[in-house]
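Colleague: Need coordinates for the below:
(one chain, ligands or ions: 1)
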Amino acid sequence: MRGVDTDVASITKSFVNHVQTSLARQASNLDDLGAYQAAALSVRDNLILNWNETQLTYTRKAPKRAYYLSLEFLMGRTLDNALLNLGLKDQYKDGVQKLGFSIEDLLDKERDAALGNGGLGRLAACYLDSSASQELPVWGYGLRYKYGIFQQLISPEGNQLEAPDPWLDNQNPWELPRLDVSYEVRFYGQAERLNDGTPRASWTGGQEVLAVAYDVMIPGCYTKTTNNLRLWESKPKRGFDLNSFNAGNYEGAVESSNSAAAITSVLYPNDHTTFGKELRLKQQYFWTAASLADILRRFRNLGKPITEIPDYIAIQLNDTHPTLAIPELMRILIDEEDLDWDKAWNIVNNTVFYTNHTVLPEALEKWPVPLMEHVLPRHMQIIYDINLFFLQAVEKKFPGDRDRLGRMSLIEEGFPKQVRMAHLACIGSKKVNGVAELHSDLVKTTILKDFVEFEGISKFGNVTNGITPRRWLDQCNPELSDLISKTLKVEKSVWLKNLDKLEEILPFAEDARFRKEWAAIKQRNKERLAHYVQTTLGLTINTHAMFDVQIKRLHEYKRQTLNILGVIHRYLTLKAMSPEARKKVNHRVVFFAGKAAPAYYIAKLTIRLIVNVARILNADPDTKEYLTVYFLPDYSVSVAEVLIPASDISQHISTAGTEASGTSNMKFCLNGGLLVGTVDGANIEIAESVGESNVFFFGHLTPDVEDLRYQHLYHPIPIEEKCPALANVLNKISEGMFGDGGVYEPLLNTIRQIDHYLITDDFDSYIAALAMVDEAYLDKTEWIKKSIRTVAKMGKFSSDRAILEYAESYWNLEAVSIAK
Ligand code: 26V
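Modeller: Reported below is the predicted structural model:
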C-alpha cells in the first residue's frame, strides 16, 4: 500500500486541499481554528492508512488480542501527539509556516478529549499509546460521551461552578463513525429459565437500544502500528414512535428515543463514591454488552471452536466498572451458544482479568439487587447462580465457617441487598492485580484477603502503573527531550521506547555545562507557565521563586487541605518575621489545580479556602514577594502539560495507604521536579528508584493508620495540645482571616473532630519536610544534580514497561509487526 507523501511541499498541498474540499473554505481567508482542522485532517490521512494496514494484518495473522475495557479514556489533545509519533512535527511546522500559520497556535486550538475523571482514565490513555508503540494487538473499548468531564469555573467568592463540556461541538477529526457497526442491547424485560435440564433461560421484552461504533486511531511511536479505540454511542432502535406522533402525542413519541440517547450523554463526574444510579448501571451494561458482541463477532469470523476463546482473547477490566462482562459472557455462552455451566465458567475464567484501582471502601462498587433485577433480570439470575456454586466451594474448603461465607458472598445482606462487584470481578477473573506494590499488598491483605486464602496467592499480582514518555516528556517538555537526545547521542525513536536508557545521563550530573542547560530549560518552562497564567488569568508570577505544585482531583484523602494549611502556617511565620529576616526566606509560588465532584461539599469548600487564601496572600505587601498562591481553574490534561515541566517540587501527600498509585508523581519526576510525599502508592517505588535522598518523605506509615484512627475516636487529644501550630492556623481561619470564618467550619470540623485522614498527626512532619526542601534549595548546584539524578532513574515508570508486564505475565500476548 502506498503511503502519504510527507515532504513539506506535499504537506502544504494536502493542507490546502483539505481547506478547499473537506472544509469548503478559502485558504486565503482562514482562521487558526480552520487551519488546525485542515492540519488535523491531513495528518489523519496518514493515520488512516496505517490503521487500515494494521487492522488488515491483525485479521490476516489472527494473533491473540487483548481488549482494554475502560469507562474512561482521558486522551487530551491528539494533533501534537500524532505528529510526534509519526515523526512529522518538523515538516508540519515548516509547512504551516509557509502558509502563514504557527504550529503552536494551531495546536492550541484543539479541545481536549476529556472522557475521564483523573488517573484511572489517563492511565487507560497511556496504555493505549504504549500498546501501539510496542506493537501489541490491543484495542480499547469505551463510551463516546457527548459531554466529557464538566468545565470548572470559579465564582468571585471562590466557589466551584460546573458548566457542560460540549467537546463535540466542533467537528472531531479524530474519530471515524462506523454507522454500519452496531448492536442491539436489551434492558429490563423478563428472564425465564427454560428448565429443560440445561442452565438456559430466555430474556425477552423490555427496551432495546442500538450501540453504534466510533473508532479513534491510536498511533504508535515511530512504528506503523496504529491500534483502535472503539467508543459506543447509544441510539434509539427505531427513530420515534409513529403511533404516538400521529395521535398528536409528540412528547410521548420521542420519549423512548430520548431515554436511549441519554445513556451515552454524559460522563459521571464522581470518582471514589458510588451512588447506585440506574443510568450509570445502564451505561456499564450498554458498553460491556456492545463490546463483547463486537469481540465475539470478530472471534467467530476466525471459525475456531468456542472453547478456544481464551487462546484468542484477553479482556482486561479497568476497575469493576465493566464487571458485567462476566455474567454477560456467561449469558452468551449458555443461552446463545448452549454450553454447559462448567465449560462456560472455565472460558470466562481464562479470558477475563481484573485490575483494582482503590481500596477506599466508599469507592468499591455495589449495586442494589432490586435495581439489578429490574434492569438486567437475566444477569441477576446468573450472578445468583455464580454465587451459589462459589459459596458451595468455599463451604467445602472451610466447612462451617459461616462468617467467612457472609464476608465472601457476592451478595451483601441488608436493605436492600447489594451485589459486590469487586468480589464478582475477582472470582470471574484469571488474575487480579493492584497498581503499585503497596497497593497490591493492601488488596491481598484487606479487601480480598479471604479470596487469597481461598484461591491461593498466585492469582494475585501487581503491575505498577506507568506513564507514556511520549506525551509526558517529549511532547510537554520538548527542550528537555532534545537535550537528552543530544547528550546521549541517541535518537528519540530509541530512548523514548526504551526509557531505561535515561540512566545514561547520570554522569552528566557532574557536568557544569549540562547542568546549566538543564537549569535554563526549567527556567524557560517556568516562564511558559507564567505566560499561560498571564494570558488566561491576567496575573503576573515571579518566575524566580520555587514552583511548588499540587494538581489532582480534590479529595479529602489526597489532603489538599494539609497543603493549604501548611501555606497559611508559612504565611503566619513570615508575617511574624522582621523585614530583614524575611529577605533570607526562600521565595515560593504554590499552584493548585483540580476539580471536585459536584456533590462533594467538603472538597468544594477546600477549593473555596484555597482561592481565598490566595486572595489575601497575593495582596499582602509584607509577604507577597515571598509567598503567593494560585488556583488554576479547569484543570485538564493540556493544563498539566504546561504545569508539570515547570515544577521544582510537587506534592503527593495522601494519607498512607489511601492513594493506590498516583501517576502524576511519575510525570513530575520524569520532568525533573522533586517529590514531596507520604510513604504511599507509587511514591515508594519512585523513591526506591531515584534514591531516598532525592525525595522529601514525611508522615505516618500505613500500618499506623488504623491505630491512629482508633485513638482519634476513643482517646482524642485536644488539637491545641497535639499540634499547637495547626490549632493556631485553624483558629485564624475561624476568626475570619480569609473571609467569613463560619463558612469554613464544616471543613475545619472534619479536622477538629474525627480527622479521618490524619491531618493532625502528619502536620508537624509535613512542615519539617518543607523546611528540608527550603534548606536543600539553597544549594542550587546540588538541587540541579538531584533533578538530573531523578530523571535518570525514572525508566521503570514508562507505561511501556507496565503494558509489557500485562502482555507477558497476564495476557500471553505477542507483538505483531506491521510491514513497512
Ligand atoms: C470509581 C467510581 C465509583 C462510582 C462512581 C464513579 C466512579 C468512577 C471511578 C472510580 C474509580 C476510582 C478508582 C481510581 O480512580 N483510582 C485511581 O487509579 C489511578 C490509576 O491506577 C491511581 O493512580 C490512583 O492512585 C487511584 O486513586
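
Colleague: CA atoms for contacts and neighbours, from now on please.
Modeller: Will do.

Colleague: Enumerate the residues of the chain near the ligand.
Modeller: With C-alpha under 6 Å from any ligand atom as the criterion, the chain meets the ligand at residues 119-120, 123, 270-274, 357-358, 363, 435, 659-663.

Colleague: OK, contacts around the residue of the stretch 351-500 of the chain found nearest the ligand?
Modeller: Going by C-alpha to the nearest ligand atom, the ligand is nearest to His357 of the stretch 351-500 of the chain, at 4.3 Å. Applying C-alpha atoms under 8 Å, 6 or more residues apart in numbering, we find His357 in contact with 120, 318-319, 434-435, 660.

Colleague: what two of these are the furthest from one another?
Modeller: Spatial extent of the contacts of His357 (C-alpha to C-alpha) is set by the pair Asn318 and Ala660 at 13.7 Å.

Colleague: List the buried residues of whichever strand or helix holds Asn52.
Modeller: Following DSSP states H and E, one finds Asn52 within helix 32-61. Neighbour-count burial for helix 32-61, counted by 16 or more other C-alpha atoms under 10 Å, picks out 32-44, 46-55, 57-58.

Colleague: can you check stretch 804-813 too?
Modeller: Neighbour counts over stretch 804-813 (16+ other C-alpha under 10 Å) mark 804-807, 810-813 as buried.

Colleague: Kindly report the same for stretch 524-543.
Modeller: Buried-residue list, stretch 524-543, by 16+ other C-alpha under 10 Å: 525-533, 541-543.

Colleague: From these, pick the one nearest Ile818.
Modeller: Nearest to Ile818, judged by C-alpha to C-alpha, of the buried residues of stretch 524-543 is Asn525 at 37.4 Å.

Colleague: any idea of the pLDDT on that closest one?
Modeller: Looking at Asn525, its pLDDT stands at 98.

Colleague: Equivalent analysis for the one 10 residues further on, please.
Modeller: At Thr535 the predicted local distance difference test score is 97.

Colleague: Quick one: name whatever helix or strand follows the helix holding Asn52.
Modeller: Later in the chain than helix 32-61, the nearest helix or strand by DSSP H and E is strand 65-69.

Colleague: partners of that next one, with directions?
Modeller: With DSSP bridges as the test, strand 65-69 is paired with strand 138-143 (parallel), strand 313-318 (parallel).

Colleague: most tightly surrounded among those strands?
Modeller: strand 138-143 (a mean of 26; mean count of other C-alpha atoms under 10 Å).

Colleague: Could you export it as PDB, CA atoms only?
Modeller: C-alpha atoms of strand 138-143 as PDB (Å, rounded to 0.1, in the frame of the first residue of the first chain):
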ATOM      1  CA  VAL A 138      -4.700  -4.200  21.900                       C
ATOM      2  CA  TRP A 139      -8.000  -2.400  21.300                       C
ATOM      3  CA  GLY A 140      -9.700  -0.100  23.800                       C
ATOM      4  CA  TYR A 141     -13.400  -0.100  24.300                       C
ATOM      5  CA  GLY A 142     -15.300   2.800  25.900                       C
ATOM      6  CA  LEU A 143     -18.200   5.200  25.600                       C
END
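
Colleague: Paired strands for the helix or strand that comes right after that strand, with orientation please.
Modeller: The helix or strand immediately downstream of strand 138-143 is strand 151-154, counting by DSSP H and E. Sheet pairing of strand 151-154 (DSSP bridges) gives strand 160-163 (antiparallel).
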